[in-house]
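**Q** Predicted model, plus sequence, below.
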Amino acid sequence: MKIKKVAIRSFGKINGRTFEVTDGINVLYGENESGKTTFHTFLRCMLYGMARMRGKAAKNDPYTAYEPWDNPAGYGGTLWFEAGGRDYRLTRNFSRERREDALYCETTGESLSVEDGALDKLLGNVSEAVYENTVSVGQLKSVTGPELVRELQNYMAGLGNGADASIDLGRAAQMLKMSRKGYQVQASNREKEMQSLIIQTEDAMTRLEEELRDIRERYKEAREERKRLAPSEKRAGDEVVRSQIAALKRGQFQRNLIFLGLSGLIMLLGIVIHLPLAARLVCFVLALGLFGLGLFFNQRDNEEIRVKEKARENWHSRLSRATSEGRSLKEMFDEKAKTYVNLRDEYQELLEEKNLPGNENVEIEALTLALATIDRLSGNISQDLGERLRMRTSEILEDITGGKYEEVLMDENLRMSVNTQERVVPLERLSRGTLEQIYFALRMAAGEIFAEGEDFPVILDDVFGMYDEERLSGVLRWLERQKRQIIISTCNKRDIETLEKEGISFNRLDL
Amino acid sequence: MRFIHIADVHLGARPDREMPWSAEREKEVFDTFRALIARIQDDPVDILLIAGDLFHRQPLLGKLKEVDYLFRTIPATRIYLSAGNHDYIRKDSSYNNFVWADNVFFFREEEVQVVKDPLLDVFIYGFSYHSREIREDILEGLEAQDENGVHILMAHGGDDRHVPFNVRELLNSGFDYVALGHIHKPSVIVRNRAAYPGALEPIDRDDFGEHGYIEGVWQNGRLSLSFVPFACRSYEQIILEVDETSTQNSLEDALREEIKDRGEENMYRVILHGYRSPDLLLIPERFFPLGQITEVENETRPMYNMEEIRRHYSGTLIGDYINAFQGRELSLVEEKALYYGVQALMETSRVRRY
């Protein structure tokens, strides 16, 4: 693409000016604050339109900054350019009320639609960002040496990562990782919380299992006790024992009756019948003896009955205790078994819930995908691009310094150095002028590589301020040899004088 | 005739297990049920309908006794109770042999039973779950008896796995009121004819909004229903509108304010919504300590015009990045990744973007 003519109707401080731009070198000359930056911004806005910002930010956006003071309705202008061998005329009005974007092909007489992307097609792969990074070259902004070195290194790294010098992959990745870390902490807290609940539940289940086992054991014991107490070959049943006791009582009664009767009878005989005293005495003693014997037997029977009854009572209470314990154990077992089942359900639910992805997981996945995508894309680009950029930068640097510096080097930490004929010098040790030369070489190399095949002009906005005369001559001679259209804007008469002294032809545009 | 209809009390539930207020909520579920019984004691209704899931899981005998005791304290009210899918009657269920107070009728069977109220001409129909699910519409073809009086059907379920019944058909089969249960959100299906009272207390973080019970009055052959909020707290949703002027602090203040206005006792889900300033890095976990927050959903997007950015940066890494997400339907993760990546690349860039 080549710019032919720039007509600014009204843009910032510039009003009703037309500039004829030629092939080769053009020098736009003007004092400070005369509108050089306005001119460049105009060019960019013509080619890429003027994006408006919303809200608060609109106060400082280019639209507001360049809104003309005198003639707001004429906000805009016309640009004539050549692309792909055809001539075009692009007229734009940026004002809110009279918006216009008209693209006309003067070669074919065809009207084209900017809105439908006809202009984008003509600009090819040079987007606004690429334009800003490669076509239009501004000054290095840094003032101090170390800052300057950093700026330059960042430029080189950024460009190597994908045509955008302002990209800082390290910080971008750091920002994404930081966000991800936050969500990961959240997720892991949640998981820990769930895990501890799960473990609590597991513990409760284990305890309950033990209790259940214990209850079952005790229940078994109670049942065995009942079984032991049940009538068997060894143990007579309750009925038998009861009838045994009854029989004993009956026997006791009969025996008592016999003894009492006999002793009474003999006593009576001794009293009623007239017997000698000795015989009476014998009767008396006999009766007493029989009575005593009866008493003895009665006592013995009593003892036997008591033992039997005691045993029976004992057995009864043991049996009823075993039975009631069995019953209450069964009840306890049922309740605990139910609690266990409920706990198991709860446990299942907790496991399910734990496996459910939380809110954080979506964010973590998204951040991981973002990181991986950036990594993949920048990896794709930087492998050979960075190397090509470095090689071409080295060539240009060698060219403009008359072979003083042969090669630009960059290590994996993005630290740059240059190879002189004798040694490797880190950037920090170079003068500002040399740094400016490296910057220039880098930008020129980037322009060639990223705007490849588009043949865009090179626009240099006040970049030679820090050059000494020798350096300036070197750069200008190099520029002359380029087949591209070049627009140099400057407030320095020296640039023009040097061109004249070197005998380089150029087209002068005055602001 | 006046009745109260509740369902899904979920006694024994432990809401929000991993949250600090969980134990308190477990207690409140019981307390609110007790409070309802106390209210009935003060102002007795004729009938209390409990349409399933009185218990969150298998009831223990002890709990049944406790509940039965509460029922004994409202002798003027007849209680009709059925088991739902949570407290379904297993073979070993405590429900099986439990003997309820005289004023309680428990629908033991899985088939629909009908019982006439001993004092009023009210016929109550009901059934209980004997398993976790009943996939069959066991109410299909059910008709109310041809008797004078009010016919009320208690039905727990209504979704695919829990008796997929058709309420309108049931209303056409002679029922005056279908007392529903199972859905935790209170909702009227047919005005004054069929309704879910919802859970008495909200049971989990998805049970948004007011909770309580339904009070019904049958007068002059017409039924009128009203919903009575009764739960002691609720789960609410707070949507924080984010715009380009929002900051982490302004959003935290707004949230604090909103929680104060809407009740500090409630539990909140916070949704951040809108377009945030691209340089704002939100830290959602900082919202949690500001109240009883169950979750924070960040639905904000950086205020970018993706198409404009794509055009502007085409041929550079940012342009390539956006292109990597173009030309297909994006999943939620991909969409978020797109914004995350663009934001990171733009906001860490060394020049101030337009």
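**A** Okay, I see it.

**Q** Now A:K501: closest residue in space, sequence neighbours ignored.
**A** Among residues not flanking A:K501 along the chain, A:S473 sits closest, at 7.8 Å (Cβ to Cβ, 6 or more residues apart in numbering or on different chains). Backbone N, C-alpha and C define where each C-beta goes, glycine included.

**Q** In chain B, where's the longest strand?
**A** In chain B, ranked by residue count with DSSP state E as the criterion, the top strand is strand B:267-276.

**Q** If we go by neighbour counts, what in it is buried?
**A** B:267-272, B:275-276 (16 or more other Cβ atoms under 10 Å in any protein chain shown).

**Q** Looking at those residues, spot the one nearest chain A.
**A** B:Y275 (9.1 Å; Cβ to the nearest Cβ).

**Q** which SS class is the residue nearest to A:K501?
**A** Under DSSP: H, G, I helix; E, B strand; the rest coil, A:S473 falls in the helix class.

**Q** re the thing from before, check the buried residues of strand B:267-276 and tell me the two furthest apart.
**A** B:M267 and B:Y275 (27.7 Å; Cβ to Cβ).

**Q** name the helices or strands packed onto the longest strand of chain B?
**A** Packing partners of strand B:267-276 (3 or more Cβ pairs under 8 Å, 6 or more residues apart in numbering or on different chains; DSSP states H and E): strand B:235-242, helix B:248-262, strand B:292-298, strand B:301-302.

**Q** And these: which comes nearest chain A?
**A** strand B:292-298 (5.9 Å).

**Q** Need the residues that contact the closest one.
**A** With Cβ atoms under 8 Å, 6 or more residues apart in numbering or on different chains as the test, strand B:292-298 has contacts from A:359, A:363, B:16, B:19, B:21, B:205, B:235, B:264-272, B:282, B:284-285, B:287-288.

**Q** Return the set of buried residues in it.
**A** For strand B:292-298, by 16+ other Cβ under 10 Å, it's B:292-296, B:298.

**Q** and it, which strands flank it?
**A** strand B:267-276 (parallel) (DSSP bridges).

**Q** now the partner strand: how far from the chain's centre is it?
**A** 21 Å (Cα atoms, centre = their mean, to the nearest Å).

**Q** Now do that strand against strand B:235-242, angle only.
**A** 20 degrees (axes from the mean of the first three to the mean of the last three Cα atoms, to 10 degrees).

**Q** hmm, who's touching strand B:267-276?
**A** B:16, B:19, B:21, B:205, B:233-244, B:246, B:251, B:255, B:259, B:262, B:282, B:284, B:287, B:291-303.

**Q** if I read this right, B:L281 contacts A:G182, doesn't it?
**A** No. B:L281 lies out of contact with A:G182 (Cβ atoms under 8 Å); the separation is 9.2 Å.

**Q** When those two are compared, which one has more neighbours?
**A** A:G182 (20 against 15; other Cβ atoms under 10 Å in any protein chain shown).

**Q** Show me what the host helix or strand of that one is packed against.
**A** Element membership for A:G182 (DSSP states H and E) is helix A:169-229. Helix A:169-229 sits against helix A:277-355, helix A:359-400, helix B:332-347, with contacts defined as 3+ Cβ pairs under 8 Å, 6+ apart.

**Q** picking that back up, what I need now is the helices and strands packed on strand B:267-276 written out in JSON lines, including mean pLDDT for each item.
**A** Listed next are the helices and strands packed on strand B:267-276 as JSON lines, based on pLDDT from 0 to 100:
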{"stretch": "strand B:235-242", "mean pLDDT": "94"}
{"stretch": "helix B:248-262", "mean pLDDT": "94"}
{"stretch": "strand B:292-298", "mean pLDDT": "89"}
{"stretch": "strand B:301-302", "mean pLDDT": "86"}
